[in-house]
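J.: For reference, the sequence and a predicted model appear below.
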Amino acid sequence: MTTDLRTIVSTEILYFVPDGINAETVVAKGVLFGDDSWRFHDPENQRLAYYGPASLTIFWNGDTNVAYSALPQATIQAVKLFAFLYLHVPATVTRQRRGQSQNHPATVCATIKQLLGFLTHVYEKAMLDGGSLSPVESLHDISLKHLRESLKDWDSGRGSDLRRTLIYLASPVVQKACEGFAPRWSAADIRSLDFKPDGTRDDYARVFPNQLFRLISNTASADVAGFLRFVGETSASKADGIIPPFFEHLDGEGIFLAYTDYRARQADCRCYGDGGAYGEGMEAKRRCLERLGATPGQVLTYIRRVQEAACSLIAVYTGARYSDLTGFKKGCLQRIRGMWFLVGTLIKHEALNKPIDQDLWPAIPAMRDALRCLELFTAFTRNHLLIAGLSTVDEGYSRAYSPNGFTQALARYVGRIDEDGVWSEIQISPHRCRHTLSHQLARADLGLPFIAHQLKHLHSALRSVPPQVTLMYGGIADLKFERAIQAPALHYELAKSLYDPDSALAGGGSEEFSQRRKQYFEGMQAAGMTKDDIIRGLAGKAIPFSSVGMGYCLGRREIMNKDGSKQKPACIGSLQCSPETCPNALITKEHAPLWKKVEMQNIEMAEHPEMQHARVELTEKANRAKAVLLQLGVE
C-alpha cells in the first residue's frame, strides 16, 4: 500500500513525467502541484482571456474552501493526480480522448469541482450518526452502496458528466499510482448506477425560422451598407443600404468626425478632469456637432443600431463560437490569395500555447461591410476588439462583450427590426446563430465538408466519414430535401439524375457506378418493373452516400483497381476534394450549376492582376470544370 502520495513515481506516471510528480511539479504558468489552489487565469493569454478567475480556479485546501473540509488528504491527493492527468495527458484516464493532447483548464476545473462536491457529499453521508453507510477514510473505502445512496439525493450538475468523471477516476493509471487509496469500482459498476437525468428542452428550437434569418440578414446588411454610404465610404456589397430619414440629408462624414471628437474629449475629461482649451472643451465639441444638425444622443442611437446590426451579421455568417467571436480585432479582415477572410483565433480544443490569429472564416461582402463599421467605431471606443460595446475604454485596455452582453445586443437588434413583434418569443444567442448558419448551409447544398470547415469541426476523421458533431448542428440530420446529407426522402428529379441509366454522369467513380446501375435496372425490369417504378422506389430511400457539394462521395476507404490491387481514396481532407478524378465520386446534372460557377470564377480570378502568380493553376481548374460540364452534356 502506498502511504505517501506527496511523491508519485509509478511506472505509468514516469513514462509521461520522467521526474515523477511532487509538490514542485509545474501544473501551469505560476501553478505548482502542491499549491493549495490552482489558479489558471492568465489575462495575457488570449485563449484564457474570456474566462473569469472563478471558472479557472480549483481550491484544494479545506481552510480555503470549507465545502471540501470533510475530505481527507489522501482523497485530495488522488483527485489532484487525476486532475493533473486529465489536464495534461487525458489519454491516460480515458480512451475516448486519445486524439487530444491536452484538455482546456476550464474543462478540468468544472469537472474537478463537480467531483469534489460529490465526494464531499458521500463523506458527509458516511459520517452521519445512525446512518446506513460505514465511515470512509479514502476513495478506496467508498463502495457501490456509498455511491448508490449518495446519488439518491445528489442534484447538482449533469448526471452524465458525473458518471463519466467517476469512470475516469477509476482508470488503471490512477489505481496503480494511488494503490491502497484509489477507487475499487470499475467502469461497469458506475454504468450500473442511476444518475440524475440530463433532461432535454422540448421548447427550444435551435434554428431560427427561415423568415427570421432573412429578416436579420437583409435588414442588417441594409443598415451597415447605409451607414457606410452616410459617412462617405464605399460598400463592399455595392448596395445603397438604408439611412434613417432623420439623417438622410445631413453631412454624415462631418457628423461622424464631430461625434468622434466629442467622444474623445468626453473620455479625456473623465480621465483628467480638464475642460480643454477654449473651443476644445466637451461643450464646444457638442455645439459643433449640433450645428451639423444632430445631438450626441441622436448619433449614438443611430450608431448603436448599426453596431448591433454589424455584430448580428458577423454572428450569423461566421457561425463562430462566443470565444472566437470576441477575439476578432481591428485589422482582422484580410485578403489572402484573392479571397477575403476574417482572421481570428479558434479557442475550443486548441492548445494554450498555439499561435493566435491564424484561423480563417470566409468573409462575404455583407460581413466586410459589418467589419468596416465596427472598425470605424473603434475611433471613439479606443477598443481594438470589434465584438464589444460602444463604451470608451482606457488607452491600451480592450474589453469584449460578456456572454450575456453579446446575447442582449443580438436580442436588442431583433427587437428593433421586428416591428410587429412576430419573433418576440424567439430566444436569440450566438449558439443559435451557429446552428442556424449550419442549417442554411445545408439548405444551400454546400455539403458536410464545407459545413464542418465553417464550424471548425474538421479533423482527420473527415477523410473517411463526416464528423458526427456536425450532424447535430442546425437539424442537418433532419433536412428532407437537401442533398448535403442522407435524407429520408429523395425528390424524384434528384433520383432520376442519379439513378436513371440514361442520365449522364461524371466524376472518377462514374464509369463503375454506371455499369452497376445498368445491371441493376436490367434485373429489375426483367422482373416486370418499369424504369419509372424503379426510380420512384429509389427516390423513397436514403441516399447511400454523402454529398460533398460538388458531387456525391461513395465513402469507400479502399478502392479496387482493375488489376486487383487496392488504393486509398484521393481525399486530402479539408475542402480539397477532387470529384472529377476521385474514384469515390459521382457528379450528376444537378451539380452542373456549381461546376459552371467553378469554371467562371476561376476564369475571372485568372485574369485578376493580383492572381497572376496562380494563373496557370486557375486556368487548369477552369478547364477541369469545363470538362466535367461537357461530360454531363452541358455546354
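T.: Noted; the coordinates are in hand.
J.: Where does pLDDT dip in the stretch 201-350 of the chain?
T.: Applying pLDDT under 70 to the stretch 201-350 of the chain picks out residues 201-204, 268-281.
J.: change it to 90
T.: Counting by pLDDT under 90, the ranges of the stretch 201-350 of the chain that qualify are 201-214, 237-240, 263-289, 316-327, 335-350.
J.: so where do the helices sit in it?
T.: Using DSSP state H, counting those that start in this stretch, the helices of the stretch 201-350 of the chain run over residues 210-230, 252-272, 282-291, 296-318, 322-325.
J.: of the ones you listed, which approaches Gln519 most closely?
T.: Closest of these to Gln519 is helix 210-230, at 41.8 Å (criterion: Cβ to Cβ). In this view, the C-beta of every residue, glycine as well, is placed from N, C-alpha and C.
J.: could you say what helices and strands that closest one packs with?
T.: Other helices and strands packing on helix 210-230, by 3 or more Cβ pairs under 8 Å, 6 or more residues apart in numbering; DSSP states H and E, are helix 252-272, helix 296-318, helix 365-381, helix 403-417.
J.: how about a cut-off of 6 Å?
T.: In terms of contact count using 3 or more Cβ pairs under 6 Å, 6 or more residues apart in numbering; DSSP states H and E, helix 210-230 is assigned the packing partners helix 296-318, helix 365-381.
J.: With mean neighbour count and distance to Gly537 as new columns, can those be given to me in a markdown table?
T.: Below are the helices and strands packed on helix 210-230 laid out as a markdown table (neighbours: other Cβ atoms under 10 Å; distance: least, Cβ to Cβ, whole Å):
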| stretch | mean neighbour count | distance to Gly537 |
| --- | --- | --- |
| helix 296-318 | 22 | 40 |
| helix 365-381 | 22 | 43 |
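J.: For burial, what's the neighbour tally of Ile364?
T.: Using other Cβ atoms under 10 Å, Ile364 has 14 neighbouring residues.
J.: Could you measure from it over to Val316?
T.: In this view, Ile364 and Val316 are 11 Å apart by Cβ to Cβ, to the nearest Å.
J.: bridging residues for the nearest residue to Met339 once chain neighbours are set aside?
T.: Excluding the flanking residues, the one nearest Met339 by Cβ to Cβ, 6 or more residues apart in numbering is Pro362, at 7.1 Å. Pro362 has these beta-bridge partners by DSSP bridges: Phe341.
J.: show me what contacts Leu48?
T.: Going by Cβ atoms under 6 Å, 6 or more residues apart in numbering, Leu48 touches Asp42.
J.: Dump stretch 31-49 to CSV, keeping only the CA atoms.
T.: Output in CSV follows, covering the C-alpha atoms of stretch 31-49 (Å, rounded to 0.1, in the frame of the first residue of the first chain):
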residue,chain,number,x,y,z
VAL,A,31,0.9,26.9,-10.6
LEU,A,32,2.6,24.0,-8.7
PHE,A,33,1.2,20.6,-7.9
GLY,A,34,1.5,21.2,-4.2
ASP,A,35,-0.3,24.6,-4.1
ASP,A,36,-3.5,24.9,-2.0
SER,A,37,-5.2,26.4,-5.1
TRP,A,38,-4.6,26.0,-8.8
ARG,A,39,-5.3,29.3,-10.5
PHE,A,40,-5.1,29.1,-14.3
HIS,A,41,-6.3,32.6,-15.0
ASP,A,42,-3.9,34.4,-17.3
PRO,A,43,-5.1,37.7,-18.9
GLU,A,44,-2.1,37.7,-21.1
ASN,A,45,-3.1,34.5,-22.8
GLN,A,46,-5.9,35.2,-25.4
ARG,A,47,-7.0,31.5,-25.1
LEU,A,48,-7.8,32.1,-21.4
ALA,A,49,-8.9,35.8,-21.6
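J.: Let me see the mean pLDDT of it.
T.: Average pLDDT, stretch 31-49: 85.
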